[in-house]
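[1] structure of the sequence below:
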Amino acid sequence: QVQLVESGGGLVQAGGSLRLSCATSGPTFSTYNMGWFRQAPGKEREFVAYINWQSNKPTYADSVKGRFTISFDSARNTVYLQMSSLKPEDTAVYYCAADRNPWGMSRTASQINYWGQGTQVTVSS
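    Down below sits the predicted model:
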């Protein structure tokens, strides 16, 4: 069973930066994609970014493109989300995700195979 453990959330002022980490364990060879979703109060969980395990190619939601960077450290089996130029609308619980879709990570939360427990990110104005 793949296990995902996030860390790095917190409170930051608008314009600031945070880095989230997601440590993975278990049979990670069974996953193709590692990524991040987020869920704000009263809203559905939405796709943020993912990186393909083998190609190391990142993909981003339009709302974070140019501000967030996803990366993967294979030596540590850890996925990172570097968030810069943060906005109040980025406030949400951020979830690490992994799936086995060989055609790319699903943008639909219900189709994701594995989730972390979530970490709160709050951006104050």
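
[2] what are the ranges of the strands in this protein?
    3-7, 10-13, 18-25, 33-39, 46-52, 58-60, 68-73, 78-83, 92-99, 114-115, 119-124 (DSSP state E).

[3] sheet partners, orientation included, of the shortest one?
    Right, the one you point to is strand 114-115. In the sheet, strand 114-115 lines up against strand 92-99 (antiparallel) (DSSP bridges).

[4] my guess is Trp53 contacts Asn33. True?
    Yes: checked against C-beta atoms under 8 Å, the pair Trp53 and Asn33 is within contact range at 6.4 Å. C-betas here are computed from N, CA, C, even on glycine.

[5] quick one on the thing from earlier: any chance of the strands of the chain in CSV, plus mean pLDDT?
    Output for these, formatted as CSV (pLDDT from 0 to 100):
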stretch, mean pLDDT
strand 3-7, 94
strand 10-13, 97
strand 18-25, 94
strand 33-39, 96
strand 46-52, 96
strand 58-60, 96
strand 68-73, 94
strand 78-83, 96
strand 92-99, 96
strand 114-115, 94
strand 119-124, 98
